[in-house]
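1. Below are the sequence and a predicted model for it; my questions follow.
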Amino acid sequence: MNRVIEKLSSMYLSMWILVFLIVWTGIGLYMAGADSYINDFQVMNDMHIREWLMSDRTGSGFLKPWFLILCAAMTALGINLIFCSWSKIFKIMRAKFNGRQFYMLIVHALFGFVALGHLGGLLLGFEHNNIELGAGETYSSEEGYELEVKDVHFVGDVKALKKAKRYITRDDLNRKESFVEISISRNSELLKTDKVYLLKPLRYEDVQVTVNRFLSPENKKKSTDFDTGGRIILSLSKNPVLKMFLTVYPVMIAGILIYLVITWRKPHLNRNNVSC
C-alpha cells in the first residue's frame with residue numbers, strides 16, 4: 001500500500017502527466033485552428049459541457065474523446081496532488097515544523113479548490129449561448145429565467161460591426177460607453193435590472209448574463225452612433241461554484257508569488273526539499 005501511495009505522490013508521475021497535458025493541449029490548439037474542427041468547437045462552446053457530452057452531436061467524432069482524455073489526465077494530476085499533499089502532511093508531523101513546507105501545502109490545497117471549481121463549472125448549472133435580441137425583445141430559458149433587453153446603446157463605428165469579432169478594435173467601438181440595459185426575471189418576479197457592458201456582465205447570485213457582441217442593424221448605413229435598432233448576442237449561464245472560484249483563484253496566484261519571494265534568496269535550503 002505504501003508503495004502505491006509513493007508512486008501516486010511522486011514528482012516523476014507529476015512530470016509525465018504535465019508533459020502529456022502540454023502535448024495533448026497542443027493537439028487541441030491545432031484542432032481549434034483547423035477548418036475541419038471549427039464547427040465542432042463552435043457546437044461545444046454553444047452548449048453546457050454536461051449537455052454537450054450527453055448529446056448525439058459528435059461532429060468529427062474525435063473532439064469528445066479528446067476532451068474526455070484531457071479530463072482523465074487532469075483527474076490523474078488531481079489524484080497525484082492529493083497524495084502528494086497528504087504525504088507532505090505526514091512529513092510535517094514527523095519532522096520539525098517547517099513553515100515553508102506548511103505554506104506550500106496551503107498553496108497545494110488552494111490549487112485543489114481551483115481544480116474543483118473548474119470541474120464544478122463543467123458539470124453543474126447551465127449555459128445558453130448565442131441569444132440574439134434587440135431592444136424590447138425577451139428570451140425565456142427552460143430553467144424559468146427571462147431576459148428583457150430594454151435599451152441598446154452603441155458608441156462607435158457601426159460599419160465595423162460587420163467585421164468578425166476578433167477583428168474589431170478599440171477604435172471601432174467605445175467599450176466604456178457602449179452598453180445594453182437588461183432586466184432578468186424568474187417566474188415573473190423581477191430579480192435585477194442593470195447596464196451590461198462587454199467586459200462587465202450582469203450577475204445575480206450564481207446567474208450571469210454576458211454581452212458577447214453588438215450586431216449591426218440592417219437599416220443603418222451611416223458610420224455613426226445608434227441608440228435604437230441595434231441587436232446584440234447574449235449568453236445566460238449559471239455556475240454555483242463561480243464565487244468560490246473567483247475568490248480562491250487570485251488567492252492561489254498570490255500564494256504562489258509569495259512562496260517564490262520567500263524561497264528566492266535561499267535556494268540552498270530547498271536542495272533536499274523538493275516540493276511536489
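-> Cool, got the structure. Residues are numbered from 1 along each chain as shown.
2. how far away is L119 from F126?
-> 16 Å (C-beta to C-beta, to the nearest Å). Quick note: C-beta positions are derived from backbone N, CA and C, even for glycine.
3. and what of V251?
-> From V251 to F126 the distance is 27 Å (C-beta to C-beta).
4. more crowded one of these two?
-> F126 (17 against 14; other C-beta atoms under 10 Å).
5. Tell me who's in contact with that one.
-> Applying C-beta atoms under 8 Å, 6 or more residues apart in numbering to F126 gives the contacts H48, E51, S141, E143, S237, K238.
6. What distance do you get for the residue lying closest to the fourth one once chain neighbours are set aside to I49?
-> To tie it back to what came earlier, the one meant is E143. Closest residue in space to E143, ignoring its immediate chain neighbours: F126 at 5.9 Å, by C-beta to C-beta, 6 or more residues apart in numbering. Taking C-beta to C-beta as the measure, F126 falls 11 Å from I49.
7. repeat for Y249
-> 19 Å.
8. buried stuff in the host helix or strand of F214?
-> Assigned by DSSP states H and E, F214 belongs to strand 207-215. Judged by neighbour count using 16 or more other C-beta atoms under 10 Å, the buried positions of strand 207-215 are V207, Q208, V209, T210, V211, F214, L215.
9. Return the distance of the helix or strand harbouring V43 from the chain's centre.
-> In the assignment (DSSP H and E), V43 maps to helix 35-46. From the chain centre to the centre of helix 35-46 is a distance of 17 Å (C-alpha atoms, centre = their mean, to the nearest Å).
10. follow-up on the earlier one: can you tell me which of the buried residues of strand 207-215 is nearest I22?
-> Nearest to I22 among the buried residues of strand 207-215: T210, at 29.8 Å, using C-beta to C-beta.
11. May I have the beta-bridge partners of the closest one?
-> Using DSSP bridges, the beta-bridge partners of T210 come out as S235.
12. ok, it to A34 distance?
-> 27 Å.
13. same question, S10
-> Taken as C-beta to C-beta, the span from S10 to A34 is 36 Å.
14. Can you pick out the residue with more neighbours from these two?
-> Regarding S10 and A34, a neighbour count based on other C-beta under 10 Å identifies S10 as having more, with 16 against 12.
15. any chance you could read off phi and psi for that one?
-> phi -80, psi 150 (degrees, to the nearest 10).
16. one step back: any idea of the mean pLDDT for the following helix or strand past the helix holding V43?
-> Downstream of helix 35-46, the first helix or strand assigned by DSSP H and E is helix 49-54. Taken as a whole, helix 49-54 has a mean pLDDT of 73.
17. ditto for stretch 194-203
-> 88.
18. So what touches that stretch?
-> With contacts defined as C-beta under 8 Å, 6+ apart, stretch 194-203 is touched by 175-176, 178-182, 184, 192, 208-213.
19. next one: stretch 172-191
-> Applying C-beta under 8 Å, 6+ apart, the set of residues contacting stretch 172-191 from outside is 144-157, 160-161, 163, 192-199, 202, 204, 207, 209, 211, 214, 232, 234.
20. follow-up on the earlier one: CA atoms only for the strand holding F214, dumped as PDB, please.
-> What follows is strand 207-215, C-alpha atoms only, in PDB (Å, rounded to 0.1, in the frame of the first residue of the first chain):
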ATOM      1  CA  VAL A 207     -26.500  33.600 -12.600                       C
ATOM      2  CA  GLN A 208     -24.600  35.600 -15.100                       C
ATOM      3  CA  VAL A 209     -25.700  37.500 -18.300                       C
ATOM      4  CA  THR A 210     -22.900  38.400 -20.700                       C
ATOM      5  CA  VAL A 211     -23.000  40.600 -23.700                       C
ATOM      6  CA  ASN A 212     -20.800  38.900 -26.300                       C
ATOM      7  CA  ARG A 213     -21.000  41.400 -29.100                       C
ATOM      8  CA  PHE A 214     -23.100  44.100 -30.800                       C
ATOM      9  CA  LEU A 215     -24.600  43.400 -34.200                       C
END
